[in-house]
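S.K.: sequence and predicted structure, then a few things I'm wondering about:
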Amino acid sequence: MSLFIPTYFAPISQYSEIIKAATVTFEMEDNFQKQSYRNRCYIYNSSGKQLLSIPVKHQLKDARKKTKDTLVENNFRWQDQHFKSLQIAYRTSPFFDLLEADIAPIFEKKYKYLQDINIDTFLFITDALQLNSDFSATENYKVETTKNDYRFLSDRKHKPTKPIENYIQMFDDKHGFIPNLSILDLLFMEGPNTISYL
């Protein structure tokens, strides 16, 4: 069992472990942590690294809430903004046109829970890469860790220990190579070759 936290268009480091996992188990009983990949991802635009963050409804101060119970704040047009940002950043990338119609429903569907978005992004990526999309979910928080515990990859401050090989990015001539962006950056640039890269 390989243990992950569902994240929003997860970083490349997370998918490099997902494709090697015999079975994927998602931790569903963890507490929501701000400024993690649970509700954010990073893409590459003409200005460099761009944050796409899903607004969530915050509860009372110090009140712990589980990620699975975290509500999306839909008073902002965040989905329109995220989709437009992807279109502007990647419209001339080699594979965006081929995937645009498939990814669009994620930005059209109205979500209540953050976790549902993250599962849909996982299903989109596994479908695009033709990976096994089966996963199981925890029913209790897994306190004990094993060597296949990759929940730490949801932490934005975690720096990958494995060297990340360069690939061509949209604006690397202006800003250089930016490692460990959202899997979308790699997918739109490399298409079917994404698996080999991972």
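M.R.: Thanks, I have the structure now.

S.K.: name the element residue 51 belongs to?
M.R.: strand 48-53 (DSSP states H and E).

S.K.: what's that strand packed up against?
M.R.: Under the contact criterion of 3 or more C-beta pairs under 8 Å, 6 or more residues apart in numbering; DSSP states H and E, strand 48-53 touches strand 40-45, helix 78-90. In this view, the C-beta of every residue, glycine as well, is placed from N, C-alpha and C.

S.K.: that strand: partners in the sheet, and parallel or antiparallel?
M.R.: As defined by DSSP bridges, the strand partners of strand 48-53 come to strand 40-45 (antiparallel).

S.K.: list of residues touching the strand it pairs with?
M.R.: 7-11, 49-54, 85-86, 88-90, 156, 169-172, 175, 178, 181-182, 184-185 (C-beta atoms under 8 Å, 6 or more residues apart in numbering).

S.K.: try stretch 99-107
M.R.: In contact with stretch 99-107 (C-beta under 8 Å, 6+ apart) are residues 79-80, 82-83, 86-87, 117, 120-121, 124, 127-128, 187-188.

S.K.: quick check: buried residues in the lengthiest helix in the chain?
M.R.: Looking across the chain with DSSP state H, the single longest helix is helix 114-128. Neighbour-count burial for helix 114-128, counted by 16 or more other C-beta atoms under 10 Å, picks out 114, 115, 117, 118, 119, 120, 121, 122, 124, 125, 126, 128.

S.K.: that older thread, now the contacts of strand 40-45: which count as buried?
M.R.: Taking 16+ other C-beta under 10 Å as the criterion, what is buried in these is 7-11, 50, 52, 54, 86, 89-90, 156, 169-170, 178, 181-182, 184-185.

S.K.: now flag whichever of the buried residues of helix 114-128 is closest to residue 142.
M.R.: Distance to residue 142, by C-beta to C-beta, is smallest for residue 115 among the buried residues of helix 114-128, at 16.4 Å.

S.K.: tell me the pLDDT at the closest one?
M.R.: As predicted, residue 115 sits at a pLDDT of 96.

S.K.: from the chain's centroid, how far away is the strand holding residue 51?
M.R.: In terms of C-alpha atoms, centre = their mean, to the nearest Å, the centre of strand 48-53 is set 12 Å apart from its chain centre.

S.K.: and stretch 74-85, by the same measure?
M.R.: On the basis of C-alpha atoms, centre = their mean, stretch 74-85 sits 16 Å off its chain's mean C-alpha point.

S.K.: neighbours around residue 47, how many?
M.R.: Residue 47 has 10 neighbours, counted by other C-beta atoms under 10 Å.

S.K.: from residue 174, how far off is it?
M.R.: 9 Å (C-beta to C-beta, to the nearest Å).

S.K.: with residue 98 instead?
M.R.: Applying C-beta to C-beta to residue 98 and residue 174 gives a distance of 25 Å.

S.K.: confidence score at the nearest residue to residue 155 once chain neighbours are set aside?
M.R.: With C-beta to C-beta, 6 or more residues apart in numbering as the measure, residue 36 is the residue that lies nearest to residue 155, at 5.8 Å, once sequence neighbours are left out. With respect to pLDDT, residue 36 has a value of 93.
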